[in-house]
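S.K.: Have a look; sequence and predicted model below, questions after that.
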Amino acid sequence: MKTVELQTYKKEAFVNITRSVREEVMKSGLRDGIVLVHSPHTTAGITITENADPDVCSDMIRALDALTPKISYDHAEGNSPAHLKTILVGNNVSVPVKDGELCLGIWQGIYFCEFDGPRNRQYTITPVSK
């Protein structure tokens, strides 16, 4: 398992982490299995989405904003919408690995989803053999 440090620079952003996941799988020597990518944060998630058009990520942020209304929340920190977005997106993905390669679609990328930044963050990459 490898922990990767990440500095985010916006309140909300999708950061493409596919390269670091691919590199860690290569370093691990994993040929066939899965790789688990996990965020240990309650206001940041991990997802797989299109990586060819950056408008997809900005569209996702706007759509998640629409799903998490600005209501009167009891949580005192003022970041309840960020918690809800993380619940909706999820905090981990698993990706099949075959012949040492991530089994992602041609347009797919793995993204760290910041919903309460900017912050110092981290995520873990865990290759698992079958």
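M.R.: Done, it's in. Given the structure is predicted, the values throughout are model-derived calculations rather than measurements.

S.K.: In this structure, which strand is the longest?
M.R.: strand 120-129 (DSSP state E).

S.K.: hey, C-alpha coordinates of that one in CSV?
M.R.: Taking C-alpha atoms only, strand 120-129 is exported to CSV below (Å, rounded to 0.1, in the frame of the first residue of the first chain):
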residue,chain,number,x,y,z
ASN,A,120,-3.5,19.0,2.2
ARG,A,121,-4.9,15.6,1.3
GLN,A,122,-3.9,12.0,0.8
TYR,A,123,-5.1,8.9,-0.9
THR,A,124,-3.9,5.3,-0.8
ILE,A,125,-3.2,2.9,-3.6
THR,A,126,-3.3,-0.8,-2.8
PRO,A,127,-2.5,-3.4,-5.5
VAL,A,128,-4.1,-6.7,-4.7
SER,A,129,-3.2,-9.9,-6.5
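
S.K.: List the strands paired with it, with their directions.
M.R.: Taking DSSP bridges as the criterion, strand 120-129 sits next to strand 2-7 (antiparallel), strand 33-38 (antiparallel) in its sheet.

S.K.: Let's have those strands in JSON lines, adding mean pLDDT and mean neighbour count.
M.R.: To be clear about C-beta, it is placed using only N, CA and C from the backbone, and glycine gets the same treatment. Formatted as JSON lines, the strands paired with strand 120-129 follow (pLDDT from 0 to 100; neighbours: other C-beta atoms under 10 Å):
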{"stretch": "strand 2-7", "mean pLDDT": "98", "mean neighbour count": "12"}
{"stretch": "strand 33-38", "mean pLDDT": "98", "mean neighbour count": "19"}
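
S.K.: looking at those, which is closest to G90?
M.R.: strand 33-38 (9.9 Å; C-beta to C-beta).

S.K.: Please pull up the helix or strand immediately following that closest one.
M.R.: Counting by DSSP states H and E, the element after strand 33-38 in chain order, helix or strand, is strand 44-50.

S.K.: Just want the most central residue of the chain.
M.R.: For the chain, I46 is the residue whose C-alpha lies nearest the centre (C-alpha atoms, centre = their mean; 2.1 Å).
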